[in-house]
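In: This is a predicted model, with the sequence first.
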Amino acid sequence: MNLQYSKSYGFLLLLVFLTIYANAQTPSKVYSADGISVKSYNFEGLRPILERKATDTTYVINFWATWCAPCVAELPNFEKLTTAYPDSKIKVILVSLDFTKQVEKNLLPFLKKKQSKSEVVHLSDPDANSWIDKVDPEWSGAIPATVIYNPSLNLRKFYEQSFTFEALQSELKPFITLP
């Protein structure tokens with residue numbers, strides 16, 4: 001293989017990799033209304049949020065929807081985590097599974113009414129059968145569902161259940177030292 005061909009091929013591979021990486025980080029759409037913004041991703045765009053590396057932050061990723069009564073009932077417990085432990089490195093991310101057609105009509109007004117402080121993203125990938133197992137092989141697809149992980153501790157747990165604040169605190173103990 002000649003050197004010029006090798007350099008061109010290497011550059012092409014780098015370009016393809018950078019394009020894929022950039023697309024995985026870029027939301028497919030950003031919905032905004034009344035001071036509320038929500039980034040919408042397909043699963044490959046969301047995946048980096050579920051697989052962050054080299055950080056000592058504990059991530060609490062909750063899958064929910066405005067049409068899911070148990071999800072809505074537990075949201076204040078996740079919101080409380082955002083404010084209850086300001087000195088702990090806890091990052092709550094609420095992943096809305098609301099239907100894309102309902103984001104502007106239901107999700108944004110809901111977040112405004114509830115004055116949500118947590119980061120909220122929207123998963124707009126309709127092919128749930130292709131990504132549910134990638135979140136966790138044990139997930140049936142029912143919501144609410146939560147992933148808690150800390151890359152520096154190499155700990156990750158999945159829960160297909162609702163949480164009280166006390167239960168959430170209890171599950172966080174192996175991931176962080178709570179006051």
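Out: In hand now; what should we look at?
In: residue ranges of the helices in the protein, please?
Out: 3-25, 43-50, 69-84, 108-114, 128-135, 165-172 (DSSP state H).
In: same question for the last one, mean pLDDT?
Out: Mean pLDDT, helix 165-172: 94.
In: still on that earlier bit, quickly, which of the helices of the chain bottoms out on average pLDDT?
Out: Within these, confidence is poorest for helix 3-25, with a mean of 43 (mean pLDDT).
In: roughly how far apart are residue 69 and residue 121?
Out: When distance is defined by C-beta to C-beta, to the nearest Å, residue 69 is 21 Å away from residue 121. In short, each C-beta sits where N, CA and C put it, glycine included.
In: higher neighbour count, the two?
Out: residue 121 (18 against 10; other C-beta atoms under 10 Å).
In: distance of the more buried one from residue 89?
Out: The value you get for residue 121 to residue 89, if C-beta to C-beta is used, is 19 Å.
In: and what of residue 103?
Out: According to C-beta to C-beta, residue 103 and residue 89 sit 30 Å apart.
In: Which of these two has more residues huddled nearby?
Out: Taking residue 103 and residue 89 together and counting by other C-beta under 10 Å, residue 103 has the greater number of neighbours (19 against 14).
In: I'd say that one and residue 40 touch.
Out: Yes: assessed by C-beta atoms under 8 Å, residue 103 is found in contact with residue 40 at 6.8 Å.
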